[in-house]
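Novice: fold the stuff below for me.
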Amino acid sequence: MDEEKVGEKNSNEANPGDQDSPDYGSEDSFVTPDSSSGRFNIDVSPNEDRSGSGKRSEKHDSKDSGSSNKQPEKNESKDSGSNKQPEKNESKDSGSNKQPEKNELKDSGSNKQPEKGDSKDGHVVDTAKPLSVKEAVSKFGAIVDWKTHRAQKNERRKFIEQELEKAQEEIPIFKQKSELAEQAKQKALKHLDGTKRLIQELKLNLERAQTEERQAKQDSELAQLRLQELEQGITDESSSVAAKTQLEVAKARHENAASELITARAELEETCRDYEILISERDFAVQKAKEEVSAARELEEEVENLTIQLITTKESIEHIHVSHLETEEHWVHEANERDQELLALDQELKRTEQELEKVKQEIVRAEDLKSKLQTASRLLHSLKDELAVYMQGKVPEEDHEKFTRKDVQSGVAIAKKNLDEVIRNIEKTTEEIMSLKTAAKSLTAQLEGEKQVLENIRKQKGLGADTVVNLESEMKRARLELEEIRRKEKEAREKLVELPKQLQKAGEDAEHAKLFAEGARLVLKRAKIAADQSKNEASSILSQLATIEKEIEAARAQEKLALGAISALYESESARITKKEDPKGGITITLEEYYELSKRAHDAEEAAGKRVGEAMAQIDEAKESEMQSLNKLLQLNSEIAAQKEALNVALQKAEMAKESKSNIEDELKRRNGETREEVGLSSRDETSKTQNETTSDKLVASSSSKKEGSSKGKSNTNEGKSSSVRGLFKKKKFMPKFSLMFMGKKKSTSNKHS
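Specialist: Residues are numbered from 1 along each chain as shown. Take a look at the predicted model:
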C-alpha cells in the first residue's frame, strides 16, 4: 500500500490537472526500460479531448533496481467519446489521494503482477528484448552465416568439377585397357584352340604310330617264322604256320578297314540327314523373314498413309483457319465501312480514327520489338550452345592447345555477361511491349466509350438504331465464333503436336522390325554359307572315301599277287624236290633270287600297310571334319533359335505398332466427330445469344432516351473512366499479356513448322 501511495503522489505531482479535468481522451501508454538506472519510462500519448489538451509524459521511479526485466503493467485507458467517469476511478470530492486498486498505475519495480484497468481497450506492453534475426533463424535450424556457406558450396563444386575432370580423363584410359584385355583374351582363346587341335593331331599320330608298330612287329614275326620254316624246309602252305598267320592278319586288317568304312558311311548318312534338316529350317526361316519383311513394308505403307492423312488434316485445319480469318476480315471491313459512314458526321470520330492510327503504329513497333525479341532469343540459344561447347571443353583442331581453367572460367564469365545483357534487353523489350499493349487497350476502351456515347446520341436522334443493334449483335457473334474457333484450333494443334510423336514411335518400331529382319537375313546368309561349306566338306569326305576304297582294293590286289607269287615259289620248290627226274619241267631259282623275291613281297606288303595307314589317317581326318561340321550345325541351330526369338520380338513390336496406329485412327475419327458436334452446338448458342443481346440493347436504348441532357457530362466522365481503366489494366492484366505474347509466338512457330 505504501508503494501504491508513492505512485499516486508522483502521478499527482507530475500532472495535477488530471483529476480536475474529467473529460480527457483515451491514453495509449508505452513502457520502456532504462537499463542504466533500473527505471521504467512510461510515455503516455493521450488523444485530444474537447478542451484540446496536449501530450503528457509521466516518469515513475521504482524502488527495486533488479526488476527491470519483468512484465509491464496494463495502463488505464479512458474512452474519449464518453463524458462519464467509471465508478472505480478517483473521485474529486473525496479529498484523499487514494485510488482503487484496479484503476491505479502501479510501480514497475514491484514484484506484483499488473492489474486490469476498467476500459475495454487495455493493452499489455512487452518490455522483453526482441529476438535477433540470427537467433530466430538458428532456432529453426536454418543457415546463419551465408557467406561461409556460399564459400563452402563453391569449394565443394570446384572439388566435384576436379573429380569429374579426373574421371573423364581416366575413362578413355580404362577403355583402352579393357580393349587390350579383350584382345589378349581373344588371342589366348585362339591359342588354346590351336593347342587343342595340335594335341588331338598328336594323339591321332600316336595312335597311327602305335598301329604301324604293331603291324611292323607282326610282319617281322611272320618273316622270322617264314625264314625258320624255309631253313627247316617247309614249303607247303597247308603245313606252314607263317602263311596261315599272315592270312589271318590280312583278314583281320581287312575286317577292321571294312568296319571303319561302315562307321564312316553311317556318320556320313547322319550328317546328310542333319544337313537336310538344316536346309528345311533355313527354308522355314527364309519364309518367316519374307513374311516379316512384307509385314514391315505393310507397316511402312500404313505409316505413310497416316502421315498423308495427318498432312491433309493439317491442310484442312489451315484452310479452315484461313477461311475464318477471311470471314473475320470481311466482317471487320464491313463494320469499319458502316462505322465510317456513321462517324463521318462527327469530329470526335475523326479524332478517334487518328488515335487508332497511332495505336496501329505502336502495334507495328511492338511487332518490331517482337522480332527483336526473337533475334535476342536466338542469340540466347547460340550463347547457350557456345556455353555448352565451352563446358564440354571442345577446342578447335587448328590451335592444338589445351585451354587452362582460367581461360574456361573467363569464357564462362563472358558468356554469362552476354546472357545477362540479352536477358536485360529481353526484359526491356517485354516491358515496352506491355506498355504498348496497355496503351492500345486503354485507347480501345476510350474508343468503345466514345462509340457508346455516339450510339446513345444517335438513338436519341433516332438515326439508324436498328442497324446499330444489328451490327453490334453481328460483331458479338463474330467475336464469339472467333474465340471458339481459336480455342478449337489450339486444341487441334496440341493434339496434332501429340500425333506426330505417336507416328514417330510407330515408325521407330517399324524401323526396329526392319533391322531385326535384316539381321535375320544376314544370319540366314551365314547359315547358307555354312551349309554350303558343310556340303563341300561332305563331298570332299566322300571323294576321300572313294580314293581310300580304291587304295584298299589295290592293296588287296597286291596282296593277291604276292600270295600268288609265294604259292608259285612253293610249287616250284615242291616240283623241284618231287620231280628231280625231270629237271626241264621245273624252274630252278637260287637263294639270292628267292631272297630278292621275298624282299619284294615284303616291300609290297609294307607299301600296302602304308596305304592302309594313310587311308586310316584320311578316315580320321574325315571324322574330325565331321565333328567340326556337327559343331557348326549346333552353332547354326543356336543362331537360328536366337533369330526365331528376335523375329518373335519383331512381330510383337509390329503388332504393337499396328495397335497404336488403329488407336490413332480412332482418336482422329473421334476428334473429327467432336469438332462437328461442337460446331453445331456453337451455332445454336450463337442464335440464343443474339436474341438475348437484342433485348438488352433495346433496354439500353430506352434508358439512354431518358438521359438526353447528360451526354456532355458522360463524355467527361468517360475520360476519367479511361484513365482508371488504364490503371486497372496495368495492375490486373499483367499475366494475361504474357500469355497472349506466348500464344502469338506459338502461332508463329507452328506456321513456320507447317
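Novice: now residue 201: which helix or strand?
Specialist: Using DSSP states H and E, residue 201 sits within helix 146-232.
Novice: which elements pack onto that helix?
Specialist: Judged by 3 or more C-beta pairs under 8 Å, 6 or more residues apart in numbering; DSSP states H and E, the packing partners of helix 146-232 are helix 241-343, helix 591-706. For glycine as for every other residue, the C-beta is placed from the backbone atoms N, C-alpha and C.
Novice: looking at the ones you listed, which is closest to residue 556?
Specialist: Nearest to residue 556, of all the helices and strands packed on helix 146-232, is helix 241-343, at 7.4 Å by C-beta to C-beta.
Novice: other SSEs contacting the closest one?
Specialist: Helix 241-343 packs on helix 146-232, helix 347-392, helix 405-461, helix 465-578, helix 591-706, going by 3+ C-beta pairs under 8 Å, 6+ apart.
Novice: now those helices as JSON lines including mean pLDDT?
Specialist: Shown next, in JSON lines, are those (pLDDT from 0 to 100):
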{"stretch": "helix 146-232", "mean pLDDT": "87"}
{"stretch": "helix 347-392", "mean pLDDT": "73"}
{"stretch": "helix 405-461", "mean pLDDT": "71"}
{"stretch": "helix 465-578", "mean pLDDT": "69"}
{"stretch": "helix 591-706", "mean pLDDT": "69"}
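Novice: quick one, which of the ones you listed gets closest to residue 330.
Specialist: Of all these, helix 465-578 sits nearest to residue 330, with 9.5 Å by C-beta to C-beta.
Novice: still on that earlier bit, relative to residue 155, which of the helices and strands packed on helix 146-232 is closest?
Specialist: Nearest to residue 155, of the helices and strands packed on helix 146-232 and by C-beta to C-beta, is helix 591-706 at 50.5 Å.
Novice: do you know which of the helices and strands packed on helix 241-343 lies nearest residue 249?
Specialist: The closest of the helices and strands packed on helix 241-343 to residue 249 is helix 146-232. By C-beta to C-beta, the value is 5.6 Å.
Novice: between the closest one and helix 347-392, how many degrees?
Specialist: If you take axes from the mean of the first three to the mean of the last three C-alpha atoms, to 10 degrees, helix 146-232 sits at 50 degrees to helix 347-392.
Novice: got the angle between helix 146-232 and helix 241-343?
Specialist: Going by the same axes, to 10 degrees, helix 146-232 makes 160 degrees with helix 241-343.
Novice: quick check: domain ranges of the chain?
Specialist: 1-129, 143-233 (automatic domain parsing).
Novice: ok, back up a step: possible to save the helices and strands packed on helix 241-343 as a markdown table with distance to residue 129 and mean neighbour count?
Specialist: Converted to a markdown table, these look like this (distance: least, C-beta to C-beta, whole Å; neighbours: other C-beta atoms under 10 Å):
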| stretch | distance to residue 129 | mean neighbour count |
| --- | --- | --- |
| helix 146-232 | 24 | 11 |
| helix 347-392 | 50 | 14 |
| helix 405-461 | 43 | 16 |
| helix 465-578 | 60 | 16 |
| helix 591-706 | 66 | 15 |
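Novice: circling back to that earlier point, in CSV, list the helices and strands packed on helix 146-232 along with distance to residue 170.
Specialist: Formatted as CSV, those follow (distance: least, C-beta to C-beta, whole Å):
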stretch, distance to residue 170
helix 241-343, 43
helix 591-706, 36
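Novice: quick one: closest of the ones you listed to residue 164.
Specialist: Across the helices and strands packed on helix 146-232, closest to residue 164 is helix 591-706 (C-beta to C-beta), at 37.8 Å.
Novice: relative to helix 241-343, how tilted is the closest one?
Specialist: Going by the same axes, to 10 degrees, helix 591-706 makes 10 degrees with helix 241-343.
Novice: so which elements touch helix 591-706?
Specialist: Judged by 3+ C-beta pairs under 8 Å, 6+ apart, helix 591-706 is in contact with helix 146-232, helix 241-343, helix 405-461, helix 465-578.
Novice: show me the shaky parts of the stretch 201-350 of the chain.
Specialist: 235-239, 342, 344-350 (pLDDT under 70).
Novice: and if we set it to 50?
Specialist: Judged against pLDDT under 50, the stretch 201-350 of the chain has no low-scoring part.
Novice: re the thing from before, can you check which of the helices and strands packed on helix 146-232 gets nearest to residue 175?
Specialist: Shortest distance between residue 175 and those, using C-beta to C-beta, is found for helix 591-706: 27.8 Å.
Novice: in space, what's closest to residue 274 - neighbours in sequence excluded?
Specialist: Take residue 274 and drop its neighbours on the chain: the residue closest to it by C-beta to C-beta, 6 or more residues apart in numbering is residue 633, 5.4 Å away.
Novice: and the gap between residue 490 and residue 664?
Specialist: According to C-beta to C-beta, to the nearest Å, residue 490 stands 20 Å off from residue 664.
Novice: residues of stretch 326-340 that come out buried?
Specialist: Within stretch 326-340, the residues scored as buried using 16 or more other C-beta atoms under 10 Å are 331, 338-339.
Novice: which of those lies closest to residue 652?
Specialist: Using C-beta to C-beta, residue 331 comes nearest to residue 652 of the buried residues of stretch 326-340, at 55.2 Å.
Novice: ok, back up a step: can you redo the helices and strands packed on helix 591-706 as JSON lines with distance to residue 601?
Specialist: Shown next, in JSON lines, are those (distance: least, C-beta to C-beta, whole Å):
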{"stretch": "helix 146-232", "distance to residue 601": "10"}
{"stretch": "helix 241-343", "distance to residue 601": "10"}
{"stretch": "helix 405-461", "distance to residue 601": "95"}
{"stretch": "helix 465-578", "distance to residue 601": "4"}
